[in-house]
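Everything below, folded, please.
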Amino acid sequence: MKRWITLGFILLIAISLSHADEITSATSSDQVLSLPPQMYSVLEKITDEISDELFVIRDENQKSALSLQGTGISGESAELVLQTKLSNVTNGHSSLVISAENIITAAAPAMYTDLIGTNLSHQPETRYANEKKEPVISDVFYLEEGFYGVSVSYPVFAEDGGYLGYTDITIRPEEFFRSVISNITEESGYEVMIVQPDGTVVYETDEIEIGKNIMTDQVYDSPEMRSASQALLENETGSVANYTFWDKGWNKQVLRQAVWDTISLDNQFWRVAVIRDLEDNR
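The predicted structure is shown next:
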């Protein structure tokens, strides 16, 4: 939603113009290159698109939580609620209901119903959602469904107010973000990187980077890249006017530029960066 990022976007431009020297990485020639205005407009469009999709998921989760209040959190009726929810979310991969005791009580689609009865107490993310008893967006973790993804969850309460557990929609980053922003990135030629607060890459246009950590992974171990990564994590909005990293094909290192903003919803804060390869003439 635009209301999330309008203020941040204005601040982003102000920071970039007034403090460019402070957040620009030096190159061998100490050349400082300006960031094209299109990068900012692409960033705004991408954050809007992602925000809108997350709100759809949250709304559908809320509706399903209210339905589960009437059907109960297990059985065929509960599974039908999850199936209906997934049909209304274009980019959702799966959905579970997890009891207050961390037990899976319903699952959709049908390929995941064999997970019913599984105890997820070993997962910090599951315990956290049950402890919070409020909407939660997890960090990337290995889901019981068998892939690394994100759980977007909503609490379920009984009619008397008692806490029953929560329901979620799980997303596979490469499916969810690619479908949301691929048209924008293909048209602009820019890459997009989404990073969670600990530095883990939630999504990258070059999907080989998903799951890597920009502060600890060896591929990012250069002074310029570490400086850019640190700036990204420490500032909600900002830019790096030029730094060196691998091109899209991992064939050679090239000059790049990056500009970023933050999407915040519930407990989660994602840095969303638009990256330009200076050798790409588009």
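
Surely V156 is in contact with T167?
Yes: using CB atoms under 8 Å, V156 is in contact with T167, at 5.8 Å. C-beta: built from backbone N, CA, C; applies to glycine.

Common neighbours of these two, please.
Counting by CB atoms under 8 Å, 6 or more residues apart in numbering, the shared contacts of V156 and T167 are 65, 68, 73, 97.

Which one of these sits in the busiest neighbourhood?
The residue in the shared contacts of V156 and T167 with the most neighbours, by other CB atoms under 10 Å, is V97 (29 neighbours).

quick one: pLDDT of that one?
Reported pLDDT at V97 in the predicted model: 99.

List the buried residues of the biggest strand by length in the chain.
As assigned by DSSP state E, the longest strand anywhere in the chain is strand 253-265. By neighbour count, and taking 16 or more other CB atoms under 10 Å as the criterion, the buried residues in strand 253-265 are 255-263, 265.

Tabulate the shared contacts of V156 and T167 (a markdown table), appending distance to R127.
A markdown table is the format used below for these (distance: CB to CB, whole Å):
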| residue | distance to R127 |
| --- | --- |
| A65 | 19 |
| L68 | 20 |
| I73 | 17 |
| V97 | 16 |
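
For the longest strand of the chain, the averaged confidence score.
Looking at strand 253-265 alone, the average pLDDT works out to 92.

Remind me what that strand packs against, helices and strands.
Packing partners of strand 253-265 (3 or more CB pairs under 8 Å, 6 or more residues apart in numbering; DSSP states H and E): helix 2-18, helix 37-71, helix 223-234, strand 238-246, strand 268-277.

any idea how far the longest one is from the chain center?
Okay, so that is helix 37-71. Between the centre of helix 37-71 and the centre of its chain there are 11 Å (CA atoms, centre = their mean, to the nearest Å).

Mind listing residues that contact whatever helix or strand comes next after that helix?
Using DSSP states H and E, the helix or strand that follows helix 37-71 towards the C-terminus is helix 76-87. The contact list for helix 76-87, computed with CB under 8 Å, 6+ apart, reads 60-61, 63-64, 67-68, 71-72, 92, 94-97, 105-109, 113, 167, 169.

If any of these are buried, put those into a ChimeraX selection.
Entered in ChimeraX, the line below selects the buried ones among the contacts of helix 76-87, by 16+ other CB under 10 Å:
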select :60,61,64,67,68,71,72,92,94,95,96,97,105,106,107,108,167,169
